[in-house]
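[1] Predicted model, plus sequence, below.
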Amino acid sequence: MNIELHLDPELAAVFATLPELGDITSNLSAVRRAAAEALSITRETVARDYPVAAEDRCIPGPEGAPDIPIRIYRPSPAVGVLPALLWIHGGGFVLGDLDRAEPFCRRMASEVGCLIVSVDYRLAPENPFPAAVEDCYAALKWMATSAPEIGLDPGRIAIGGTSAGGGLAAAIALMARDRQGPELTFQLLLYPCLDDRHTTPSSYAVTDGKTWNRETSLRAWKAYLGNAQGSISPYAAPTRATDLSGLPPAYILAADLDLLRDENIEYATRLMHAGVTTELHV
């Protein structure tokens, strides 16, 4: 099966400027630069349309690791103690930063009225697993302990992300359960990267060289997992977890024309079978 791409005319010009992804570990700088340029106009537009307050900070990283840059978004006006979302950007574990996440975070903070902490976790291949997931978990712990200072309700902390960020969010939900906190009230998983094995039908279906296809995805996973041998941790690939019980309610969005579609559907089904309240949209 091959999924044929049908480009929206408004996106065609931007799509034409993107390089062939190929071996992203060998042309990573070019891909990162092109992605940043493609987002610049969108960021300017969203900043105008959603004028929420944004504050950059650095918080302590995991033990022995560097501090972590974060960006805090507050709705304007912010009234009282707010529910909060820890947001984790996408990018296949090798791309992305705080700017990539900004359009979503601004709109979410404005429309939902919640406080958002966006985390700039360390990227592979320079920093393979478990750097990214431990950075995100450290950010979650910081949110819980800093709740009075930054004005969030520690009983209403959610976690979410897109693509690799969605996979990291699912992993953090497992971590928070296994490490007895912080307590999460919700997980928002948008087309999350959950399985390094790529054995589903949809994982074979996307082949276009400028999209996140099977070859690119497998290379990204290899960069993220580094020298991991033998059993892969469920904190790296959440589908490898044998027990999904006791996790917070989940919303999972699977994209129909996406190699991740089937693993997203399977994970949602497993969550339901484990008794986790789950809403799945394809």
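    Received, thanks. A quick note: this is a predicted structure, and the numbers were derived from the prediction, not measured. Numbers count the residues shown, from 1 in each chain.
[2] ok, residues contacting stretch 150-161?
    Outside stretch 150-161, the residues that touch it by CB atoms under 8 Å, 6 or more residues apart in numbering are 72, 74, 78, 80-90, 115, 140, 143-144, 147, 166-169, 172-173, 182-190, 192, 248. The C-beta positions use only the backbone N, C-alpha and C, and glycine is treated the same way.
[3] whoops, stretch 182-190 was the one
    With CB under 8 Å, 6+ apart, stretch 182-190 has contacts from 83, 85, 140-141, 143-144, 154-163, 166-167, 169-170, 172-173, 176, 247-253, 264, 267.
[4] What of stretch 51-70?
    71-76, 78, 98, 102, 106, 109-110, 117-122, 131, 134-135, 137-139, 142.
[5] Extract the C-alpha set from it and format it as CSV.
    Listed next in CSV are the C-alpha coordinates belonging to stretch 51-70 (Å, rounded to 0.1, in the frame of the first residue of the first chain):
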residue,chain,number,x,y,z
PRO,A,51,-1.3,37.9,22.3
VAL,A,52,-0.7,35.8,25.4
ALA,A,53,2.1,36.5,27.8
ALA,A,54,5.3,34.4,27.1
GLU,A,55,8.3,34.1,29.4
ASP,A,56,11.5,32.2,28.8
ARG,A,57,13.3,30.5,31.7
CYS,A,58,15.9,27.9,32.5
ILE,A,59,15.1,25.2,35.1
PRO,A,60,17.2,22.5,36.7
GLY,A,61,17.7,19.5,34.5
PRO,A,62,18.1,15.8,35.6
GLU,A,63,20.9,15.1,38.0
GLY,A,64,24.3,15.7,36.2
ALA,A,65,22.6,17.2,33.1
PRO,A,66,22.4,20.8,31.8
ASP,A,67,19.6,23.2,32.7
ILE,A,68,16.5,23.0,30.5
PRO,A,69,15.1,26.0,28.6
ILE,A,70,11.3,26.3,28.9
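[6] mean confidence score for that stretch?
    The average pLDDT for stretch 51-70 rounds to 95.
[7] Please apply the same query to stretch 95-102.
    Stretch 95-102 comes out at a mean pLDDT of 91.
[8] Check stretch 7-24 too.
    Mean predicted confidence for stretch 7-24 is 72.
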